[in-house]
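Visitor: how does the following fold in three dimensions:
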Amino acid sequence: MSQQDHLSKQYDSDLEDVRTRVLQMGGLVETQIMSAIECFATGNYDLMAKVAETDRRVNSYEVEIDDACAHVIARRQPAAGDLRLIMAVSKIVTDLERIGDEAEKISRASRQIYDRGRLQIPRSADVRQSANLAVAMLRRVLDAFARLDSVEAGQIIEQDATIDDEFRGIVRQLITFMMEDPRTISTALDIVWIAKAIERIGDHAKNIAEQIIYIVHGTDVRHTAFERHSPPGASE
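Guide: Below is the predicted model of the structure:
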């Protein structure tokens, strides 16, 4: 969707500022996830503290962007595509904030694993693979938002099923591991929580992709098949 030219250049600047802040927030969240996975892989306690600190910055971004959206609505009374953009951004920043929360959960569970002496971590390679998929999915959806690419957004929605499958596979393997060696139960349960957090990151990235389609086409595809996510026609 190409943004409309407005009589007020400040209006254009306000909208662009909102989009820029969303991308900055997304980049911060992406860094937070990668740091959290590094915590799981290495047990770096300093990095765990940094993940928690980053979460506070992510929360601040959410408040600032919501405030910016409210000011655009109050001052500019946006309509059509502009209104869809503002409405979608308010949902996108919520999903980004929740991704940040999931990253902090990964960091906290990692601390618990290392605090108890780090017995052999079962299926750690599978967890990192799933995390890499989730990070790639977030990176793609942020790029799709920057370009307002609804076709890419549709493909990202479909990719979420892969992360769901990865999660189910990890859980099955961990159940087997716990049955074979009960000493690993506590660590394995922490890894289940980490894997679930990663799966939720995929869900939130999917939600953002759905909002991109809404911005471009005005079509709400949440909880629908959306015809394999093909574009439903020209945008306003």
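
Visitor: excluding sequence neighbours, find me the nearest residue to Arg140.
Guide: The shortest distance from Arg140 to any residue other than its chain neighbours is 5.5 Å, reached at Ile156 (Cβ to Cβ, 6 or more residues apart in numbering). Where C-beta positions appear, they are placed from N, C-alpha and C, glycine not excepted.

Visitor: contact partners for the one you found?
Guide: Residues in contact with Ile156 (Cβ atoms under 8 Å, 6 or more residues apart in numbering) are 137, 140-141, 144, 205-206, 209.

Visitor: show me which of those are buried.
Guide: Buried residues within these, defined by neighbour count using 16 or more other Cβ atoms under 10 Å: 137, 140-141, 144, 205-206, 209.

Visitor: let me have those in JSON lines, extended by distance to Arg116, secondary structure and pLDDT.
Guide: Output for the buried ones among the contacts of Ile156, formatted as JSON lines (distance: Cβ to Cβ, whole Å; DSSP: H, G, I helix; E, B strand; the rest coil; pLDDT from 0 to 100):
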{"residue": "Met137", "distance to Arg116": "31", "secondary structure": "helix", "pLDDT": "97"}
{"residue": "Arg140", "distance to Arg116": "36", "secondary structure": "helix", "pLDDT": "97"}
{"residue": "Val141", "distance to Arg116": "35", "secondary structure": "helix", "pLDDT": "98"}
{"residue": "Ala144", "distance to Arg116": "41", "secondary structure": "helix", "pLDDT": "98"}
{"residue": "Ala205", "distance to Arg116": "31", "secondary structure": "helix", "pLDDT": "97"}
{"residue": "Lys206", "distance to Arg116": "34", "secondary structure": "helix", "pLDDT": "97"}
{"residue": "Ala209", "distance to Arg116": "38", "secondary structure": "helix", "pLDDT": "97"}
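
Visitor: and the contacts of Ile156, which is closest to Gln10?
Guide: The closest of these to Gln10 turns out to be Ala144 (Cβ to Cβ; 27.2 Å).

Visitor: excluding chain neighbours, what is closest to the closest one?
Guide: Glu152 is the one closest to Ala144 (Cβ to Cβ, 6+ apart), at 4.2 Å.

Visitor: so what's the residue count around the one you found?
Guide: Neighbour count of Glu152, defined by other Cβ atoms under 10 Å: 18.

Visitor: need the contact list for it.
Guide: For Glu152, the contact set (Cβ under 8 Å, 6+ apart) comprises 140, 143-144.
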